[in-house]
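S.K.: what follows is a predicted structure for the sequence shown.
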Amino acid sequence: MYEDVLAEVKAEGAKKAAEHGEVLPFSVIPYEKEKEATAETLFRWTETRANDLFIPAIYPDEPGNPLKKIYTKIVSKIVRCVTFPLTCRVTKTNHALKDCIDEMTAVIEEEHKTIKELQKRISELEQQRGSGE
Amino acid sequence: MKVYQITPSLSYGDAVSNDAMAIRQILQEEGYENEIYALTLDPRLPEGTARYLKDMPAPQKEDLVMYHGAIGTGLIEKLSEFPCKKVMVYHNITPPEFFRPYSRMAARATRIGYAEIEEMAGVFDRCIADSEYNKQNLLEMGYECEIDVCPIVIPFEDYDQEPDAETIAKYKDDGITNLLFVGRVAPNKKQEDIIRAFCVYQKEYNPKSRLFLVGSCGDDLKNYETRLKDYISKLGLEGKAFLTGHIPFKTILAYYRLADVFVCMSEHEGFCVPVPEAMHFGKPIVAYESSAVPETMGDGGLLVDTKDPYVVAAAINRVLTDEGLKKEILKAQQEKLVELSYEGVKQIFLKCFMNICNS
C-alpha cells in the first residue's frame, strides 16, 4: 500500500548514507560469552554434593557431635585436594564437549536447511518439467 | 466433553498465558467445561485460574486436549497416551541460532523445543497456528493434519487502565519525540538495529528525540543486554536511549501513551503482540519485514525490507512528519484492530473449535 512512500524513504536513506558514511555497526562491540561457573561456585557445589553423600551415611542425625565435626572437616579437605580438581577437569572437558556438540549441531542444521531448499527446488523443477511435457 | 488446556507455564504479561486464559474465557462463555493445566504457575495468579499439570485428571475419550506449543516440555509421551482428540495451539519457538552467540543454554533449550515440536507431528489431530507464518512453519516440519489460523487473543481492555502517573509526569509535553519498542531484550528482537536507526534519526532529523526500549532480560542473556548498553554508549546516545528493564504493567502503559512512534526490527516473531498494542494506542509503526510481523501489522505501519539505519530513520521521520500518511496508517490500524478485537478473534477461534469438534 505504501510502495511510493517506501521508494522515497529508500532514496532519501541512500542519499544520506552516501553523505555521512557508515554508522558504527553492532558487530564491533565486544561481548562476554556466557560465564562459566566460577571456581568458588564450583567448589561449593562439589562440597555440598560430597557432604550430602558422605556425612549422613556415617552420622545420620547427630548435630553437635564433635566426631561428626572432625569427619566433616576431613571430607571438606578431601574435596578441596582431590574431588574438586577432578570436578574442574571433568567440567572443563564437559564444556569443551558441549561446545563441540553445539558447533556440530549448528553445521548439521545448516546442512538440513540446504537439503530442504534443494529438495524444494527439485520438486519445483520436476513440476515445471511435468507441465511442460 | 471437557477441554483440558496444557501450557508450559502460566504467568502474567506473557502472550501465551494471555492466550490460554482468553481461550478459557471464550469456552466458558460458550458453556464448555474447561481448565488450564501448567508445569509452572505464577503465584500471583488468582486462585482457580489454573492448576498444576501433575494434578490433571486423565482425559476421557470424549474430551479434548489443547496443548500450547511454545517451548520444549518433554510431554510427547504423556500427550501420545491421551485417548481423546488432541490439538496444538502453535505459538512458534525462537530459532536457536539467535541465542547461540550469547547463551549455550538458551540455544540448547530452543533447539530441543524445535525438535520436540517436529517429533510431535503425528500426535495431534489438528493444529491452530497464531499466524500464517506459524502455519507454514508447521508444514515445513512435516505436519500433515489440518491447520487453522487464529490470531492470539489480546485483552485490550487491560490497556485502558490508568498508566503510571510518575512516568507520564516525567516525560509528558517536554517537546521531545519518543520512539518506542516493547519486547524482551533478546537477540531475535534486534534491539541493536533500533538503536542504530535511532542514532541516525537523532543526528540527521531530530536531535530532540528519545528512544525507550521497554522489556526485561532473562538472566541467561545479560551479556546481550550489556552489549546493547555498550553500543548505546559508543554511539554517544547515553541519556537519549534507555533500556527500562522489567517494569510494572502500568509503567509499560505509560510508555505506550508517551510514544510518538513504535519501531520494531525483530527478525523472528510468531505473532508480535506489541504491534497490535501500539495500534491500540494509536501510534504509527515502522517495522522490519520478517516472520509474522507483516501479517499482524497489515497496512497499520510502514514495512521496511532493509536494516539500513538511514532508510529506517527516514521511514521514522516520514511517519512522524507526513500527516496524510500518518492519517492513512492510523485508519488502517483501526480496521486491523476490528479483526484483532476480542469479538473478532473469538469468532475465528469458535470456527476453529467447531472444525475440531466436527473432525
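M.R.: Thanks, I have the structure now. Numbering: from 1, shown residues only, chains lettered A, B, ... in the order given.
S.K.: and the helix ranked longest in chain A, what does it pack onto?
M.R.: If you go by DSSP state H, chain A has its longest helix at helix A:84-132. Secondary-structure packing of helix A:84-132 (3 or more C-beta pairs under 8 Å, 6 or more residues apart in numbering or on different chains; DSSP states H and E): helix A:39-58, helix B:104-119. To be clear about C-beta, it is placed using only N, CA and C from the backbone, and glycine gets the same treatment.
S.K.: closest to A:Glu32 out of these?
M.R.: Judged by C-beta to C-beta, the one of the helices and strands packed on helix A:84-132 that comes nearest to A:Glu32 is helix B:104-119, at 12.9 Å.
S.K.: close to chain A, is that closest one?
M.R.: Yes. Counting by C-beta under 8 Å from any C-beta of the partner chain, chain A has neighbours in helix B:104-119: B:Arg104, B:Met105, B:Ala107, B:Arg108, B:Arg111.
S.K.: what about the residue in the stretch 1-150 of chain B positioned nearest to chain A, neighbour count?
M.R.: Residue nearest to chain A within the stretch 1-150 of chain B: B:Ser103 (5.3 Å; C-beta to the nearest C-beta). Number of residues near B:Ser103 (other C-beta atoms under 10 Å in any protein chain shown) recorded here: 24.
S.K.: check B:Tyr114 too.
M.R.: Around B:Tyr114 there are 20 residues (other C-beta under 10 Å).
S.K.: list the contacts of it.
M.R.: Contacts for B:Tyr114 (C-beta atoms under 8 Å, 6 or more residues apart in numbering or on different chains) come out as B:Gly72, B:Ile93, B:Pro95, B:Pro96.
S.K.: where does pLDDT dip in the stretch 201-350 of chain B?
M.R.: Along the stretch 201-350 of chain B, no part satisfies pLDDT under 70.
S.K.: and chain A, by the same measure?
M.R.: The model of chain A has pLDDT under 70 over residues A:34-41, A:62, A:132-133.
S.K.: where does it get nearest to chain B, residue-wise?
M.R.: For chain A, C-beta to the nearest C-beta, closest residue to chain B: A:Gly13, 3.3 Å.
S.K.: which SSE is that residue in?
M.R.: helix A:3-20 (DSSP states H and E).
S.K.: output the contacting helices and strands for that helix.
M.R.: Using 3+ C-beta pairs under 8 Å, 6+ apart: helix A:3-20 touches helix B:191-204, strand B:302-304, helix B:309-321.
S.K.: can I get these in JSON lines with mean neighbour count?
M.R.: Output for the helices and strands packed on helix A:3-20, formatted as JSON lines (neighbours: other C-beta atoms under 10 Å in any protein chain shown):
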{"stretch": "helix B:191-204", "mean neighbour count": "24"}
{"stretch": "strand B:302-304", "mean neighbour count": "23"}
{"stretch": "helix B:309-321", "mean neighbour count": "24"}
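S.K.: returning to that earlier point: quick check: closest non-adjacent residue to the residue of chain A closest to chain B.
M.R.: B:Val311 (3.3 Å; C-beta to C-beta, 6 or more residues apart in numbering or on different chains).
S.K.: enumerate every residue touching the one you found.
M.R.: Residues in contact with B:Val311 (C-beta under 8 Å, 6+ apart) are A:Val9, A:Lys10, A:Glu12, A:Gly13, A:Ala14, B:Val304.
S.K.: what do you get if the cut-off is 7 Å, keeping everything else the same?
M.R.: Contacts for B:Val311 (C-beta atoms under 7 Å, 6 or more residues apart in numbering or on different chains) come out as A:Val9, A:Lys10, A:Gly13, B:Val304.
S.K.: how much space between it and B:Gln191?
M.R.: For B:Val311, the distance to B:Gln191 equals 18 Å [C-beta to C-beta, to the nearest Å].
S.K.: SS state for the residue nearest to B:Phe353 when sequence neighbours are not counted?
M.R.: Closest residue to B:Phe353 apart from its sequence neighbours, by C-beta to C-beta, 6+ apart: B:Leu27 at 7.7 Å. At B:Leu27, secondary structure determined by DSSP: H, G, I helix; E, B strand; the rest coil is helix.
S.K.: repeat that for A:Lys33.
M.R.: coil.
S.K.: near it, how many other residues are there?
M.R.: Neighbour count of A:Lys33, defined by other C-beta under 10 Å: 11.
S.K.: cool, A:Asn65 as well?
M.R.: 12.
S.K.: next, the residue nearest to it when sequence neighbours are not counted: phi, psi?
M.R.: Leaving aside its sequence neighbours, A:Asn65 sits nearest to A:Tyr59 (C-beta to C-beta, 6+ apart; 6.0 Å). Note on A:Tyr59: backbone dihedrals following degrees, to the nearest 10 are phi -130, psi 80.
S.K.: what's the answer for B:Tyr37, then?
M.R.: phi -120, psi 140.
S.K.: so who does it touch?
M.R.: B:Tyr4, B:Gln5, B:Ile6, B:Ala50, B:Arg51, B:Tyr52, B:Leu53, B:Met56.
S.K.: pLDDT, neighbour count and distance to chain A added to these, as a markdown table?
M.R.: Putting those into a markdown table (pLDDT from 0 to 100; neighbours: other C-beta atoms under 10 Å in any protein chain shown; distance: C-beta to the nearest C-beta, whole Å) gives the following:
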| residue | pLDDT | neighbour count | distance to chain A |
| --- | --- | --- | --- |
| B:Tyr4 | 95 | 22 | 33 |
| B:Gln5 | 94 | 24 | 31 |
| B:Ile6 | 94 | 25 | 28 |
| B:Ala50 | 87 | 21 | 32 |
| B:Arg51 | 88 | 15 | 32 |
| B:Tyr52 | 89 | 12 | 27 |
| B:Leu53 | 88 | 19 | 29 |
| B:Met56 | 90 | 16 | 32 |
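S.K.: show me the two of the contacts of B:Tyr114 that sit farthest apart.
M.R.: Farthest pair in the contacts of B:Tyr114 (C-beta to C-beta) is B:Gly72 and B:Pro95. Separation: 13.4 Å.
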